[in-house]
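A.B. asks: Okay, here's the prediction I keep looking at, along with the sequence it came from:
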Amino acid sequence: MLQEERQNIIINQINLHHKVLTTDLSKLLNVSLDTVRRDLHELEESGRIVKVHGGAVSKSFHIPFQQPRVYAREEKREVAHKALSLFKDGMNILMGGGTIMLELARIIPKNQKGTVFTVSPLVALEVAQRSNIRVILIGGEVSHDAYVCTGPTVISQLSELHVDIAFIGANGLSVKEGLTDHDWDVVQVKKALMKAADKTAVMCISEKLDISQKLVVNPLRAIEALITELSPTDKRLQKYSKSMKVL
């Protein structure tokens, strides 16, 4: 495989999952770790990615407030507008993190009534500056890769909550494995988010469907709604609609 082909695959994986691990790329591309590290170094030098310990993240995820090019932004905006239809005045709402959640945070109406709890400092700031809704940040150690609060303090705080609905992003979703992710700390937070809510809505672009990451968050039956940019009647959603509401 040519270097340009490898680097295009790396960029696609980073755009899709926000973060990739060097070891996973080595297996995917069937090349040595040193080759992957050289590719990542060149991609960072050209300003296309940001290297982190053990891998790389997308620039849109690394500096979201500087408004760089966000991967699949229009699709994420469509998902966000659909998710907003589930908001009702007076609700207690939990929100996870990620670029798709930031799009939702940016369109919450100024006069929305209720409370938003979130583990994402970025989401909390977006909601607070654009809406009069009450915002409570669930605080803890801030992940350098995911920009959400993680750790035992966060899990403890979430265990004391009982909210109407939790909105969670997806790194992978499949009928067989359910909701999955590659970060152990983030998985524990997502589990706690879902446990604290009467209902869970998963927000993701369609490229995340039929993908399984290494760690399982919860099976499909734990999810009440799936929100993508696709029409609810799209054939790609048929197998998911058997287990949950699709928007």
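C.D. replies: Yes, it's here. From a predicted model like this one, the values you see are computed outputs, not experimental measurements.
A.B. asks: which residues does the closest residue to Gly178 other than its chain neighbours contact?
C.D. replies: The shortest distance from Gly178 to any residue other than its chain neighbours is 4.0 Å, reached at Pro219 (CB to CB, 6 or more residues apart in numbering). Any C-beta I mention is one placed from the backbone N, CA and C, and that applies to glycine too. The neighbourhood of Pro219, defined by CB atoms under 8 Å, 6 or more residues apart in numbering, consists of 177-179.
A.B. asks: Glu42 too?
C.D. replies: Applying CB under 8 Å, 6+ apart, we find Glu42 in contact with Gln7.
A.B. asks: can you do 10 Å?
C.D. replies: Under the criterion of CB atoms under 10 Å, 6 or more residues apart in numbering, the neighbours of Glu42 are 3, 7, 10, 48-49.
A.B. asks: Based on its surroundings, how many neighbours for Lys191?
C.D. replies: Using other CB atoms under 10 Å, the number of residues around Lys191 comes to 17.
A.B. asks: so how far is His81 from it?
C.D. replies: Remark: distance between Lys191 and His81 (CB to CB, to the nearest Å) = 27 Å.
A.B. asks: can you check Lys190 too?
C.D. replies: Between Lys190 and His81 the distance, using CB to CB, works out to 23 Å.
A.B. asks: now do Tyr71
C.D. replies: Applying CB to CB, the value for Tyr71 to His81 is 18 Å.
A.B. asks: Among the contacts of Glu42, name the buried ones.
C.D. replies: Buried members of the contacts of Glu42, counted by 16 or more other CB atoms under 10 Å: 7, 10, 48-49.
A.B. asks: quick one: which of the residues you listed sit in helices?
C.D. replies: Secondary structure from DSSP state H places 7, 10 of those in helices.
A.B. asks: ok, for Thr23, nearest residue in space, not its chain neighbours?
C.D. replies: Nearest to Thr23 is Leu33, by CB to CB, 6+ apart, at 7.0 Å.
A.B. asks: quick one, what contacts Leu21?
C.D. replies: With CB under 10 Å, 6+ apart, Leu21 has these contacts: 13, 27, 36, 52-56, 182-183, 214.
A.B. asks: how about a cut-off of 8 Å?
C.D. replies: Counted by CB under 8 Å, 6+ apart, Leu21 has contacts 54-55, 182.
A.B. asks: Any figure for the gap between the residue sitting nearest the centre point of the chain and Ser206?
C.D. replies: Nearest to the geometric centre of the chain sits Gly169, at 3.4 Å (CA atoms, centre = their mean). For Gly169, the distance to Ser206 (CB to CB) stands at 14 Å.
A.B. asks: again, but for Thr118
C.D. replies: 25 Å.
A.B. asks: So which of these two has more stuff around it?
C.D. replies: Neighbours were counted for Thr118 and for Ser206 using other CB under 10 Å; Thr118 has more, 26 against 16.
A.B. asks: List the beta-bridge partners for the more buried one.
C.D. replies: Beta-bridge partners of Thr118, counted by DSSP bridges, are Met95, Leu137.
A.B. asks: That one reaches Gly139, doesn't it?
C.D. replies: No: counting by CB atoms under 8 Å, Thr118 stays clear of Gly139, with 10.3 Å between them.
A.B. asks: Would you agree the residue nearest to Thr23 is in contact with Lys27?
C.D. replies: No: counting by CB under 8 Å, Leu33 does not reach Lys27; the two are 10.0 Å apart.
A.B. asks: how about the nearest residue to Gly139, chain neighbours excluded?
C.D. replies: Take Gly139 and drop its neighbours on the chain: the residue closest to it by CB to CB, 6+ apart is Cys149, 5.5 Å away.
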